[in-house]
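Whatever this is, show me its structure:
(one chain, ligands or ions: 1)
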Amino acid sequence: MKSFKHFDAESVEEAVALLTEYGTRARVTAGGTDLLGVLKSEILADYPEALINLKTISGLDGIEADKREVTIGALTRLAEVADSPLVKNSCPALALSAASVGSPELRNMGTIGGNLCQDTRCWYYRYPDKMGGRVSCYRKGKGPCHAIKGDNRYHAVLEGRKCFAVCPSDVAVALAALQARVKTVSRAGERTIPLANLYDALGTVLAQDELITWILIPTPSANAVQRFLKFRLRGSVDFAVVSVAAVLDMAEGVCRDACIVLGAVAPTPYRAVGAENILRGRALDGQLAAQAAQAALKDAKPLSRNAYKIEIAKTLVERVLQL
Ligand SMILES: Cc1cc2nc3c(=O)[nH]c(=O)nc-3n(C[C@H](O)[C@H](O)[C@H](O)COP(=O)(O)OP(=O)(O)OC[C@H]3O[C@@H](n4cnc5c(N)ncnc54)[C@H](O)[C@@H]3O)c2cc1C
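Below you'll find the predicted structure:
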């Protein structure tokens, strides 16, 4: 690690003021489980001069609910999200996604805000500087996406264009299916961003001085059935090869509405609108689930080594629809 200035922010305003003062030479840190790896591997051209610790800000963690929505502070640890009776009861897909992140140590340190903002795990992008020099690529602003011609086993099969790295966040998949929004603060003031719009092909759309403060989840209907499934190579600790979250509004076996989101198949959490259209208004059985799974992946275009992800994704969609 190189040396840097370290600030314990006491308020969101102080953190935003420091981000303004240091500009692109500053980074915020919450649990640090992703950021410290990024710094140690020196994958970014600009090593930050200042780190601003958010965990010293009080009142930005915790989980609350009223009739309208469930509200989660950005600094709430993933373990708390996974274990919260409130979340398990009203947003079980989110609890399952948080429980699937990494290992107990990572969930005890990592925060829900940090999980949403973590950097991609693409192995070209994250290639450590100390192993022969960092790799430039499209995502870093210079050069092609090496996954296109290289080893693309874990890259996007949907919506990849110039960068095929996938969004690594498990909780983003569940939050997108729950139609959550994030509340943010920056120099420009507060705004609320639907989770579905939080990412573009190169990461989050947050401004350099913008912090996530709260996650807002509309209270799911009493008929909602929620599912989250993740396929990973190592059961004990691993990122998703593919994940899927589904929120289904069911009445007497008929699917009145559906929101299905796939993770790790595209640069952003991927809303499977084709599958939702097939399900809406129809009695859900095995045959319909198989049709929905086909529809979910109908636009998939594999690279040379990742067609297998399409079959896994179809299987996961079929499985989440087995109620
Ligand atoms: C071995 C290993 C396995 C992992 N497995 C998984 C997995 O299976 N699934 C998964 O989803 N993740 C996984 N992760 C990633 C891990 O979940 C994230 O590292 C963690 O959730 C990030 O939270 P954090 O609070 O530690 O973030 P930090 O490392 O502190 O920050 C991550 C990024 O978010 C920014 N940031 C943090 N908080 C905010 C905020 N409130 N507003 C704006 N920006 C913010 C930081 O500047 C930084 O860029 C794994 C990580 C490791 C090292």
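
Near residue 45, how many other residues are there?
By the criterion of other C-beta atoms under 10 Å, residue 45 has 11 neighbours. (Each C-beta comes from the backbone N, C-alpha and C, glycine too.)

can you check residue 217 too?
Using other C-beta under 10 Å, residue 217 has 22 neighbouring residues.

where's it, which helix or strand?
strand 211-218 (DSSP states H and E).

and that strand, anywhere near the ligand?
Yes. Applying C-beta under 6 Å from any ligand atom, one finds strand 211-218 touching the ligand at 211-212.

Listing partners with orientation, what would you give for that strand?
strand 69-73 (antiparallel), strand 181-186 (antiparallel) (DSSP bridges).

Report the buried residues of the first one.
For strand 69-73, a neighbour-count test (16 or more other C-beta atoms under 10 Å) marks 69-70, 72-73 as buried.

need the next SSE after that strand, C-terminal direction.
Heading C-terminal from strand 69-73 (DSSP H and E), you reach helix 78-83.

elements contacting that next one?
For helix 78-83, the elements it packs on are helix 92-99, helix 104-109, helix 112-117, judged by 3 or more C-beta pairs under 8 Å, 6 or more residues apart in numbering; DSSP states H and E.

so who does the closest residue to the ligand within the stretch 1-150 of the chain touch?
Nearest residue of the stretch 1-150 of the chain to the ligand (C-beta to the nearest ligand atom) works out as residue 114 at 2.1 Å. Contacts for residue 114 (C-beta atoms under 8 Å, 6 or more residues apart in numbering) come out as 29-35.

again with residue 55
29-31, 75, 111.

again, but for residue 297
By C-beta under 8 Å, 6+ apart, the contact list for residue 297 reads 157-158, 272, 310, 313-314, 317.

Also residue 143?
Counting by C-beta under 8 Å, 6+ apart, residue 143 touches 136-137.

Got the phi and psi for it?
phi 100, psi 180 (degrees, to the nearest 10).

Which pLDDT value belongs to residue 2?
If you check residue 2, the pLDDT there is 84.

and if you look at residue 221?
Note on residue 221: pLDDT of 89.

what secondary structure does it sit in?
Three-state call for residue 221 (DSSP: H, G, I helix; E, B strand; the rest coil): coil.

which residue sits closest to it, ignoring its sequence neighbours?
The shortest distance from residue 221 to any non-neighbouring residue, by C-beta to C-beta, 6 or more residues apart in numbering, is to residue 249 (5.7 Å).

Burial check on the one you found, number of neighbours?
A count of nearby residues for residue 249, using other C-beta under 10 Å, gives 18.
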